[in-house]
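Chemist: Whatever this is, show me its structure:
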Amino acid sequence: MRVLLSCVNSLVSLVGYDTEAAKAFWYCPGNMLRACGACYDGHDLLLASDEFVTRITPQGVRQHKLPGPHTNLAHSVHHIGGMIGVVDTGNSRILIQPPDSDGAVFTLDPLEGWPDRPMDAIHLNDFMPWGEGVIASCFHYHPFGHYKTKGYDWHGGGHGLILGMHRAHGMTVSKVLASGLNCPHSLVEHEGAVYCCSSSRGELLKYAPQPSGLLYESARWKITGDHFVRGALHDGERWLLGGSSVRRLKEQSPMSLYLLDEATGKVERQTVAAAGEIYDVLPWDDAIMRTLVPVINALPSNDWDENEYPKPMGLPDF
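Modeler: I've put the predicted structure just below:
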């Protein structure tokens, strides 16, 4: 299967990768375009990163800036009910807005009653539409910024939550649906079950929705002890899971893609690049990317830091 990997804090921001050939066939250098969360929108590609949502169209690239007050640290971006939702991690909320619009129509904010919250309070990072609202993941039930500076137990703390959120009577109604996760991420519904990466433990968890609305853990798979697992896509036969390099240990953990057979628990690892952090795994859409790759390849390079970015790559074989 050919997939599009969206990468954050990496020398490459987008990677076209073929799991059958076990190699990349196209990439965008990280100093030409910044990425984190990604989704298709019609014939366009949307990328969330930093304080912006970037729309890549066949005609060019447009950005719109997200509102404050804190730096946004934008993470995931997804469709929700004909609108676009982007996780504003810095302000601990999901902004719901019309496609290609600067203004949020409404927000889903689990901390709505806390007006003077710190930046990145709970590290809200991902969501998926669910019922009349969303399911969302966050790393911590206490102010996350404090724990980052005081020594955070990434692997064993079990502080992460899956939240349910919807709007009612002009406000956000929130509920804890599952707890005890370690850096939960990459929520996916598949065949009626909810899947989520417990990323810092290198695990994929499966939840069965209960009549009460809570999520009951029904299975888990150990994917790796070498990577944070983030980015999940089911290709009809297997799970494709992104393996992100552990910061400061990149030489020991090259950016990888893990292929999980859910029935047998067998895991296959494929090395994608020397180092990097996969955030999202999307199916590669030839019809869309055929018009977008030339636009991306024509972007100028930026000297953002001292990293030695790779040279731009030519057109892939469509």
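Chemist: in its sheet, what does the longest strand along the chain sit against?
Modeler: In the chain, taking DSSP state E as the definition, the longest strand is strand 171-181. Under the criterion DSSP bridges, strand 171-181 sits next to strand 160-168 (antiparallel) in its sheet.
Chemist: Now do the helix or strand hosting L47: everything it contacts.
Modeler: Assigned by DSSP states H and E, L47 belongs to strand 44-49. Applying Cβ atoms under 8 Å, 6 or more residues apart in numbering, the contact partners of strand 44-49 are 6, 8, 13, 33-40, 53-57, 74-77, 84, 86-87, 288-289, 292. The way it works is simple: take the backbone N, C-alpha and C, and place the C-beta from them, glycine included.
Chemist: rewinding a little: so which bits of the longest strand of the chain are buried?
Modeler: For strand 171-181, burial by neighbour count (16 or more other Cβ atoms under 10 Å) applies to T172, S174, L177, A178, L181.
Chemist: Equivalent analysis for stretch 198-208, please.
Modeler: So, applying 16+ other Cβ under 10 Å, buried residues of stretch 198-208: S198, S199, S200, R201, G202, E203, L204, L205, K206, Y207.
Chemist: A strand includes the last one, no?
Modeler: Yes - using DSSP: H, G, I helix; E, B strand; the rest coil, the assignment for Y207 is a strand.
Chemist: What separation do you get for it and V272?
Modeler: 28 Å (Cβ to Cβ, to the nearest Å).
Chemist: now do the first one
Modeler: S198 sits at a distance of 21 Å from V272 (criterion: Cβ to Cβ).
Chemist: Give the closest residue to G42 in space, chain neighbours not counted.
Modeler: Excluding its sequence neighbours, the residue lying closest to G42 (Cβ to Cβ, 6 or more residues apart in numbering) is P99, at 8.0 Å.
Chemist: List the contacts of the one you found.
Modeler: D41, G42, M83, I84.
Chemist: Among the residues you listed, filter down to the buried ones and hand me the ChimeraX syntax, if you would.
Modeler: Restricted to buried positions by 16+ other Cβ under 10 Å, the ChimeraX selection for those reads:
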select :41,83,84
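Chemist: Tabulate the contacts of P99 (TSV), appending pLDDT.
Modeler: Formatted as TSV, the contacts of P99 follow (pLDDT from 0 to 100):
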residue	pLDDT
D41	95
G42	93
M83	92
I84	94
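Chemist: Among the contacts of P99, which pair sits farthest apart?
Modeler: Between any two of these, the greatest separation by Cβ to Cβ is 13.5 Å, found for G42 and M83.
Chemist: Check the offset of the longest strand of the chain from the chain's centre.
Modeler: Mean C-alpha position of strand 171-181 versus that of the full chain (Cα atoms, centre = their mean, to the nearest Å) differs by 19 Å.
Chemist: what separates stretch 12-23 from the chain centre, distance-wise?
Modeler: 17 Å.
Chemist: I figured T89 was touching F127, is that so?
Modeler: No - at 11.2 Å, T89 does not count as touching F127 under the criterion of Cβ atoms under 8 Å.
Chemist: higher neighbour count, these two?
Modeler: T89 (29 against 26; other Cβ atoms under 10 Å).
Chemist: can you pull the contacts of the residue nearest to that one when sequence neighbours are not counted?
Modeler: Ranked by Cβ to Cβ, 6+ apart and with sequence neighbours excluded, the top spatial neighbour of T89 is L73, at 4.2 Å. By Cβ under 8 Å, 6+ apart, the contact set of L73 is D50, D88, T89, G90, M119, D120.
Chemist: All good on my end, thank you.
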